[in-house]
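A.B. asks: Sequence plus the predicted model coming up.
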Amino acid sequence: MHGERTLKKISLEKLGVPAENLRRHNVDLEMDDLETNIHALGQSQAVLVYESSDSEGMYEVIDGQRRLNAFVNLNKKFPDGGYDKIYCMIRDEPADTDERKAISLGANTNSLQMTSDDIMQGVIDLYAVRSSMSYVAEKFGLTEKTVKKYVKGARLNDRLRKANVSGEITDDPDSALDAIMTAVDLLNWTSDNEVSDEKVIESAKIIANAK
């Protein structure tokens, strides 16, 4: 049995990320959208932390590094906006390094996010009703740039949408969509012209690998 957990708002300056945190990739990916979402809708999920036995009053982050980074950035942009503290769920300190790594791995493995296709469909549905990118951006807590990308992505056919989420371009669906849309614009692809889907996909691979 694990000990009880406590929800508490903790100052950013009292939070750190231990070396055992296994998230190394995509830590700062799409931070603009995450910051916009938090600024518009508030914090939806607490950061998982434990109190450090080495430094009294300090806490180590096990899960929620991206949320913490977003709050740090928002606090710089809006110093009087209340972003100097973040909601944290405090748990017992892990027994050793192996347990810290295991908890970090479990947290990152279980945080299954919506796919870009799921988000795209939600954006498209609301845009079809409101016809306003700024309205959709505000309601979803996204940047207008991202909303525009998803609305443009609605014209992709099934083959290109499949390539977006299958991993054949890049493992990250959002980066894959960026590469596909760039290739579509460069090649002037449409669903009924002579530019093949495979040519778009090959070009998207080159674009994604060049970043």
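C.D. replies: That came through fine.
A.B. asks: how does this structure divide up, domain by domain?
C.D. replies: Domain ranges of the chain: 6-110, 116-210, per automatic domain parsing.
A.B. asks: Make CSV out of those domains and add mean pLDDT and mean neighbour count.
C.D. replies: C-beta here means a position set from N, CA and C on the backbone, and glycine is covered the same way. Shown next, in CSV, are the domains of the chain (pLDDT from 0 to 100; neighbours: other Cβ atoms under 10 Å):
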stretch, mean pLDDT, mean neighbour count
domain 6-110, 82, 16
domain 116-210, 87, 17
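A.B. asks: and residue 207, how far is that from residue 173?
C.D. replies: 15 Å (Cβ to Cβ, to the nearest Å).
A.B. asks: Over to residue 83?
C.D. replies: Applying Cβ to Cβ, the value for residue 83 to residue 173 is 29 Å.
A.B. asks: got it, and residue 197?
C.D. replies: 17 Å.
A.B. asks: Tell me which stretches of this structure form helices.
C.D. replies: Secondary structure of the chain (DSSP state H): helices at 31-41, 65-77, 97-110, 116-130, 133-140, 144-153, 158-166, 173-187, 197-210.
A.B. asks: Tell me which of these lies nearest to residue 51.
C.D. replies: Shortest distance between residue 51 and the helices of the chain, using Cβ to Cβ, is found for helix 97-110: 13.4 Å.
A.B. asks: Let me see the contact set for residue 83.
C.D. replies: By Cβ atoms under 8 Å, 6 or more residues apart in numbering, the residues touching residue 83 are 12, 71, 74, 75.
A.B. asks: Pull the most distant pair out of these.
C.D. replies: Pairwise distances across the contacts of residue 83 peak at 10.0 Å for 12 and 74 (criterion: Cβ to Cβ).
A.B. asks: With distance to residue 59 as new columns, can the helices of the chain be given to me in JSON lines?
C.D. replies: Conversion of the helices of the chain to JSON lines gives the following (distance: least, Cβ to Cβ, whole Å):
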{"stretch": "helix 31-41", "distance to residue 59": "19"}
{"stretch": "helix 65-77", "distance to residue 59": "10"}
{"stretch": "helix 97-110", "distance to residue 59": "13"}
{"stretch": "helix 116-130", "distance to residue 59": "31"}
{"stretch": "helix 133-140", "distance to residue 59": "31"}
{"stretch": "helix 144-153", "distance to residue 59": "32"}
{"stretch": "helix 158-166", "distance to residue 59": "36"}
{"stretch": "helix 173-187", "distance to residue 59": "30"}
{"stretch": "helix 197-210", "distance to residue 59": "37"}
